[in-house]
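Chemist: Sequence and computational prediction follow.
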Amino acid sequence: MIRKQERVVFTFHTTTDAMAAEIQCKDLGGRMIPVPGEITADCGLAWCAEPQLEEVLRSALNTAGIPVQGVYRLMI
C-alpha cells in the first residue's frame, strides 16, 4: 500500500493555463495530476509538488502571468 504524503496542489481555470504551468514548473519540481476528488476546479488538471516548493512555484507562475485558481495542501 502506498503511503499518502502531504502535497501542495495548484488548480487552474483552463486547460491552457494548466499546460502553461506544466511548461513553467516542470524543471522546478512536481508533476501534472488529475484534480483530486477532495477539491473542485474549472479545469480537470492540477500541478502537484512537495509542500516546500509552494513559494517557488507561486513565484514562477506569477512571474509568467499564469493565473492560479486555488492552492491546496492535501494528503495524496
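Modeler: Cool, the structure landed. None of the values given here were measured: they were computed from a predicted structure.
Chemist: CA only for contacts and neighbour counts going forward, please
Modeler: Fine.
Chemist: Need the three-state assignment for residue 37.
Modeler: With DSSP: H, G, I helix; E, B strand; the rest coil as the basis, the three-state label of residue 37 is coil.
Chemist: So it versus residue 19, what's the distance?
Modeler: From residue 37 across to residue 19, the span is 20 Å (C-alpha to C-alpha, to the nearest Å).
Chemist: Could you do residue 34 as well?
Modeler: Relative to residue 19, and taking C-alpha to C-alpha, residue 34 is found at 12 Å.
Chemist: Between the two, point out the one with more neighbours.
Modeler: residue 19 (17 against 12; other C-alpha atoms under 10 Å).
Chemist: Okay, buried residues for the host helix or strand of residue 60 please.
Modeler: Assigned by DSSP states H and E, residue 60 belongs to helix 54-64. By neighbour count on 16 or more other C-alpha atoms under 10 Å, the buried set for helix 54-64 is 54, 57, 58, 60, 61.
Chemist: Check stretch 8-25 too.
Modeler: Neighbour-count burial for stretch 8-25, counted by 16+ other C-alpha under 10 Å, picks out 8-14, 17-22, 24-25.
Chemist: And the furthest pair within the residues you listed?
Modeler: Greatest spacing in those, by C-alpha to C-alpha: 8 and 14 (18.8 Å).
Chemist: Identify the residue spatially nearest to residue 70, adjacent ones excluded.
Modeler: Excluding its sequence neighbours, the residue lying closest to residue 70 (C-alpha to C-alpha, 6 or more residues apart in numbering) is residue 11, at 5.2 Å.
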